[in-house]
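In: I need the structure of the sequence given here:
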Amino acid sequence: MRKRCSTRPKSTASKTGDFTLGRRSFAKISALEDIHLSKEMERDFREFDRMGLSGEKRRRAIVVKYARKPLT
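Out: Got it, this is the predicted structure:
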């Protein structure tokens with residue numbers, strides 16, 4: 001008997017090892033290390049979702065809000 005071959009091509013992620021995790025999956029993995037988002041960060045992410053921000057705009061908003069300010 002011959003093995004059935006899948007007609008669906010393999011994803012590039014399986015070839016390169018690059019994968020994107022969703023927020024729930026990332027939270028479950030982080031919980032194993034006892035890392036959790038603060039309530040404020042959870043609100044921020046909900047707001048980003050509501051506004052439909054791109055990844056770049058989300059990163060920029062996080063940096064602007066949470067980056068350490070230089071001491072003067």
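
In: Check what pLDDT Pro70 gets.
Out: Pro70 carries a pLDDT score of 78 in this model.

In: show me the contacts for it.
Out: Residues in contact with Pro70 (C-beta atoms under 8 Å, 6 or more residues apart in numbering): none are found. (C-beta placed from N, C-alpha, C; glycine too.)

In: just Arg46 next, same as before
Out: Listed by C-beta under 8 Å, 6+ apart, the contact set of Arg46 is empty.

In: what about it, distance to Glu33?
Out: Distance from Arg46 to Glu33, counting by C-beta to C-beta, to the nearest Å: 23 Å.

In: what's stretch 56-69 in contact with?
Out: Asp44, Phe48, Leu53.

In: Selection in PyMOL covering whichever of those are buried, please.
Out: Filtering the contacts of stretch 56-69 down to the buried ones (16 or more other C-beta atoms under 10 Å) takes a single PyMOL command:
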select buried, resi 44+48
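
In: Tell me which of the contacts of stretch 56-69 fall in helices.
Out: Under the assignment DSSP state H, these contribute Asp44, Phe48 to helices.

In: what about Lys28, how many residues close to it?
Out: Lys28 has 11 neighbours, counted by other C-beta atoms under 10 Å.

In: Next, it: phi, psi?
Out: phi -70, psi -40 (degrees, to the nearest 10).

In: With pLDDT and distance to Tyr66 as extra columns, can I get the contacts of stretch 56-69 in JSON lines?
Out: As requested, these are exported to JSON lines (pLDDT from 0 to 100; distance: C-beta to C-beta, whole Å):
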{"residue": "Asp44", "pLDDT": "94", "distance to Tyr66": "9"}
{"residue": "Phe48", "pLDDT": "95", "distance to Tyr66": "13"}
{"residue": "Leu53", "pLDDT": "96", "distance to Tyr66": "15"}
